[in-house]
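Asks: quick one, what's the 3D model for this:
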Amino acid sequence: MKKILLASKIILGTGILLLSLNSCKNETKQEDPKEVAEEQNEAKFDSIDTKEDDSEFLVDATEINLAEIEIGKLAQTKSTNPEIKKFGKMLVDEHTKLAAEVKAVADKRNFSLPASLTEEGQDEYDKLNEKTGVDFDKNFVDKMIDGHEKAIDKFTKASENANDEEIKAWASKNVASLTAHLQHAKQLKQDLDKK
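Replies: Down below sits the predicted model:
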């Protein structure tokens with residue numbers, strides 16, 4: 001009987017050791033902040049699809065703001081073009097303000113938001129950071145055009161389809177400023193193309 005007990009303890013101990021080794025191995029890969037926020041919101045609002053849809057928009061808006069802030073900072077340090085630097089500063093200022101507004105709206109509803117750049121956002125940042133000179137400026141402006149077109153699309157849809165009236169109004173109010181950013185980026189692209 002003692003041998004059976006000892007053998008079962010050894011087997012149990014080995015199983016726990018293997019489980020803990022596996023969990024340590026899996027901890028090295030950090031989860032994407034956007035996925036974490038979406039999973040938390042899904043768990044909170046699993047039975048309320050309308051809240052889940054609104055939370056997804058606010059997660060997307062946060063992802064956009066975080067990317068614009070970091071890329072705007074990068075433009076201020078890497079570009080040699082004063083207009084690009086000025087545009088980068090404006091992006092940091094305005095998207096920081098938008099990020100604070102999103103956080104306030106989300107906090108009132110107990111929505112989770114990403115706290116840092118997503119994996120995709122970090123990849124885009126890293127690719128842009130590899131560029132220099134006019135190549136950097138052109139890639140930066142192209143990213144700003146593409147990013148703002150996508151942002152305008154998301155904000156326009158939320159301004160029409162959000163279930164929460166405050167979120168709908170907030171999205172609608174910000175379409176104009178995003179459109180102004182897009183027009184500014186397009187003008188910068190025209191100026192760069194002339195050089």
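Asks: roughly how far does residue 125 sit from residue 107?
Replies: 26 Å (C-beta to C-beta, to the nearest Å). C-beta: built from backbone N, CA, C; applies to glycine.
Asks: try residue 156
Replies: For residue 156 relative to residue 107 (C-beta to C-beta), the value is 24 Å.
Asks: domains of the protein?
Replies: 1-30, 33-194 (automatic domain parsing).
Asks: and those, which is most packed in?
Replies: The highest mean neighbour count among the domains of the chain, using mean count of other C-beta atoms under 10 Å, belongs to domain 33-194: a mean of 17.
Asks: what sits against residue 159?
Replies: With contact taken as C-beta atoms under 8 Å, 6 or more residues apart in numbering, residue 159 is in contact with 168, 169, 171, 172, 175.
Asks: helix or strand for it, which one?
Replies: Taking DSSP states H and E as the criterion, residue 159 maps to helix 133-161.
Asks: in helices, which of the contacts of residue 159 appear?
Replies: When DSSP state H is applied, those are split such that 168, 169, 171, 172, 175 fall in helices.
Asks: so can I have JSON lines of those residues showing pLDDT and distance to residue 35?
Replies: Listed next are these as JSON lines, based on pLDDT from 0 to 100; distance: C-beta to C-beta, whole Å:
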{"residue": "168", "pLDDT": "94", "distance to residue 35": "25"}
{"residue": "169", "pLDDT": "95", "distance to residue 35": "28"}
{"residue": "171", "pLDDT": "96", "distance to residue 35": "22"}
{"residue": "172", "pLDDT": "96", "distance to residue 35": "28"}
{"residue": "175", "pLDDT": "96", "distance to residue 35": "27"}
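Asks: just the residues you listed now: which is nearest residue 64?
Replies: Taking C-beta to C-beta as the measure, residue 64 lies nearest residue 171 of the ones in helices among the contacts of residue 159, at 11.7 Å.
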